Structure formats: C-alpha cells, structure tokens
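> With the sequence up front, the predicted model follows.
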Amino acid sequence: MTEIKILIQGYAREIKNGWTASSTVVLIKNRNKNIIVDPGCNRKKLLDVLEKEKLKTSEVDFIISTHNHLDHILLAGIFENAKVLTTEEIYNNDKQTEHNNIVHGTDLKIIQTSGHCSEHCSVVVPVKEEIYVVAGDVFWWTDKEKQIVDIKKVDDAHPEEVDMKKLIESRKEILKIADYIIPGHGKIFKV
C-alpha cells in the first residue's frame, strides 16, 4: 500500500529585499521505502515535522529532487542513507548512474516536465485507484495569489528561466494523468 503525505506546504512570500520561500515537502511510503520529494530549505520546520512523524533522517531511502533550485533541495544532505534522484540520475554517495525514470524498488514513476527550468521532473504516485503527481514548480503560487489553474500563467519570480511553450506542455501532460496535483508552492488540488 502506498501512503502520501504533505509534510510542509510550500510557501513563497516576497519580502523587502527578496523572498521567504521553501518548497512543498512530500513523504511517500511505498513498498517499505521512505521517499521524500523536495526536502526544501527550512531545516527547523523539516526536522520538527520528521520528529512528529517519528521518522529519523537515517530511515529515508530516497530523496527526489524535482529541480535544482535551492528552495527545493538545500536539505537533501541531511538524509545520511538516502539515494538522491535528480531529473535523470541517481546518486548513491559518489556513484552516479541514470535512473531511466524509475525509482527502483517502488511503484513510483518519474516524468520529465521541463519549462519552469530546463531540468525538471515530476513524480507520479499511484494511491489505490487515484494518481497523485508531485509536480514541483510546474505549478506554483505565491502566498498572496489566488490558486487558479491557468496553464498559460506564470508569475514574475523566474521569468528568465521559464520556457512557456515547454511549461504549457508539461502542465497539459500532468493535468491529463493526475487526479491530484501537489504543487511546489501552494495547496494540493484535485484535477
């Protein structure tokens, strides 16, 4: 049986000279494996929620990074036994191999979803009869934005990195397969 839980809802608030932001952190339990998608960058919040879950950092098997922005991956190194999956590779300490969009030993699948940045992936999680997609920043909202799904909308946070044509295609692909989408910043929503 697969369990999926949002440990920290992603947030993004503009402040005087920058942002207060960290990604949505998702815990997936599948086939006796503990998987964290995008561990974020707020160490205190993450350690507090792991303690509440009674989950030690040493008990996490995989970290999946949807993309390499620090607000999503800064804390990957605190999971001392975890293999780290990026968009195309799996890192086991200093050994680096391709994962071919498979999280070995699980029912999870990785799909390539570029657009927000060139290297971006999402995680497809089957839970009973439903499909959850942990979408990273294929979908994201700042705290002040109304959370409306518009495949053509993008905020001004990363305009130089966004390839709108690819982002729209990635959004369409996810909307086609998902029952629920977990965005990089904002609340989970039903498709």
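Great, that's in hand. Numbering: from 1, shown residues only.
> Pull the contacting residues for the nearest residue to Ile78 once chain neighbours are set aside.
Among residues not flanking Ile78 along the chain, Thr57 sits closest, at 5.3 Å (Cβ to Cβ, 6 or more residues apart in numbering). To be clear about C-beta, it is placed using only N, CA and C from the backbone, and glycine gets the same treatment. By Cβ atoms under 8 Å, 6 or more residues apart in numbering, the contact list for Thr57 reads Leu50, Ile78, Phe79, Glu80.
> Low-confidence regions, the chain specifically.
Applying pLDDT under 70 to the chain flags the ranges 155-159.
> mind listing the helices in it by residue range?
Along the chain, counting by DSSP state H, helices occupy 43-52, 70-73, 164-177.
> Turn those into JSON lines, columns for distance to Asn34 and mean neighbour count.
Formatted as JSON lines, the helices of the chain follow (distance: least, Cβ to Cβ, whole Å; neighbours: other Cβ atoms under 10 Å):
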{"stretch": "helix 43-52", "distance to Asn34": "10", "mean neighbour count": "14"}
{"stretch": "helix 70-73", "distance to Asn34": "17", "mean neighbour count": "20"}
{"stretch": "helix 164-177", "distance to Asn34": "24", "mean neighbour count": "16"}
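> want to throw those helices into JSON lines with distance to Ser23?
As requested, these are exported to JSON lines (distance: least, Cβ to Cβ, whole Å):
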{"stretch": "helix 43-52", "distance to Ser23": "11"}
{"stretch": "helix 70-73", "distance to Ser23": "4"}
{"stretch": "helix 164-177", "distance to Ser23": "16"}
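> Nearest to Gly136, out of those helices?
With Cβ to Cβ, the closest approach to Gly136 among the helices of the chain belongs to helix 70-73: 6.7 Å.
> which residues touch that closest one?
12, 21-23, 38-41, 65-67, 136-137, 184.
> What strands line up against the strand ranked longest in the chain, and which way round?
Looking across the chain with DSSP state E, the single longest strand is strand 130-140. The pairing partners recorded for strand 130-140 under DSSP bridges are strand 121-127 (antiparallel), strand 180-185 (parallel).
> want to throw those into JSON lines with mean neighbour count and distance to Asp71?
Formatted as JSON lines, the strands paired with strand 130-140 follow (neighbours: other Cβ atoms under 10 Å; distance: least, Cβ to Cβ, whole Å):
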{"stretch": "strand 121-127", "mean neighbour count": "23", "distance to Asp71": "16"}
{"stretch": "strand 180-185", "mean neighbour count": "24", "distance to Asp71": "8"}
